[in-house]
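1. the amino acid sequence is not available; the structure is as follows:
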């Protein structure tokens with residue numbers, strides 16, 4: 001359930017730690033720690049806060065969207081998972097979407113499609129759908145991505161197969177799907193994929 005500003009103020013009281021201050025402390029902890037498990041926990045917490053629109057302004061002020069984007073290039077798969085989860089939670093908001101798109105987020109999210117982590121892949125597909133605008137659609141539905149979705153559609157994993165089907169039916173034209181099928185038949189190289197994402 002989403003929180004209202006009035007509810008938050010009532011809950012924290014005058015002497016309570018403010019939401020912005022608390023989020024700032026998480027960001028500082030993430031930046032200051034060298035321990036991977038601490039970074040994972042903090043990024044997971046920030047991703048959870050990204051679910052509630054009441055936090056969006058604070059998260060933008062603290063550059064958390066950029067933290068999520070930066071985490072997508074980490075070698076630590078857990079950081080990638082929490083980063084894409086945070087972006088997925090934020091991406092429906094117009095301001096957040098514009099920031100992600102202007103920061104090269106589409107290419108970073110597309111890279112997550114080749115993760116071996118199931119949650120990362122599912123969040124990446126969902127985030128691409130949320131980021132789709134008339135201007136971003138050509139990049140999001142490029143041939144390599146449509147080919148990728150066709151392969152995911154054949155997955156034994158029903159969550160992955162169903163989400164890929166939604167992407168193909170709702171975001172791609174029949175012509176795009178046809179061209180991707182032809183490219184696959186010609187053995188064209190698309191996005192490198194694992195056999196099946198591993199469940200976490």
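-> Looks like it arrived, so ask away. All values reported here derive from a predicted model rather than from experimental measurement.

2. alpha carbons only for contacts and neighbour counts from here, please
-> Fine.

3. contact partners for residue 110?
-> For residue 110, the residues meeting the contact criterion (CA atoms under 8 Å, 6 or more residues apart in numbering) are 124, 128, 140, 145.

4. so which of these wins on neighbours?
-> When neighbours are taken as other CA atoms under 10 Å, the top entry among these is residue 124 (26 neighbours).

5. where does it land in three-state SS?
-> Per DSSP: H, G, I helix; E, B strand; the rest coil, the local secondary structure of residue 124 is helix.

6. wait, it touches residue 113, no?
-> Yes. If you go by CA atoms under 8 Å, residue 124 and residue 113 touch, sitting 6.2 Å apart.

7. before we move on, the earlier item: out of the contacts of residue 110, which one sits closest to residue 94?
-> residue 128 (14.0 Å; CA to CA).

8. I'd assumed residue 140 was in contact with that closest one.
-> Yes. Under the criterion of CA under 8 Å, residue 128 makes contact with residue 140 at 6.5 Å.

9. mutual contacts of these two, please.
-> 106, 110.

10. residue contacts, residue 86?
-> Neighbour list for residue 86: 44, 46, 47, 48, 50, 51, 65, 68 [criterion: CA under 8 Å, 6+ apart].

11. and with 6 Å instead?
-> By CA atoms under 6 Å, 6 or more residues apart in numbering, the contact list for residue 86 reads 47, 50.

12. what's around residue 104, how many residues?
-> 11.

13. what are the buried residues along stretch 132-146?
-> For stretch 132-146, a neighbour-count test (16 or more other CA atoms under 10 Å) marks 132, 137, 140, 141, 143, 144, 145, 146 as buried.

14. swap that for stretch 100-118, please
-> For stretch 100-118, a neighbour-count test (16+ other CA under 10 Å) marks 100-101, 105-106, 108-118 as buried.

15. just the helices in the chain please.
-> Applying DSSP state H to the chain gives helices spanning 5-12, 19-32, 36-49, 56-61, 64-71, 77-90, 94-102, 105-111, 118-131, 137-140, 143-153, 158-171, 174-185.

16. state the mean pLDDT of the shortest one.
-> pLDDT averaged over helix 137-140 equals 98, rounded to a whole number.

17. from the chain's centroid, how far away is that helix?
-> 16 Å (CA atoms, centre = their mean, to the nearest Å).

18. cool, the fifth one as well?
-> The chain centroid and the centroid of helix 64-71 are separated by 10 Å under CA atoms, centre = their mean.

19. sketch out the low-pLDDT regions of the protein for me.
-> Along the chain, segments meeting pLDDT under 70 span 1-17, 187-200.

20. nearest to the spatial middle of it, which residue is it?
-> residue 84 (3.1 Å; CA atoms, centre = their mean).

21. OK, contacts around that one?
-> Applying CA under 6 Å, 6+ apart, no residues qualify as near residue 84.

22. do you know how far it is from residue 185?
-> Using CA to CA, to the nearest Å, residue 84 is found at 31 Å from residue 185.

23. okay then, goodbye and thanks.
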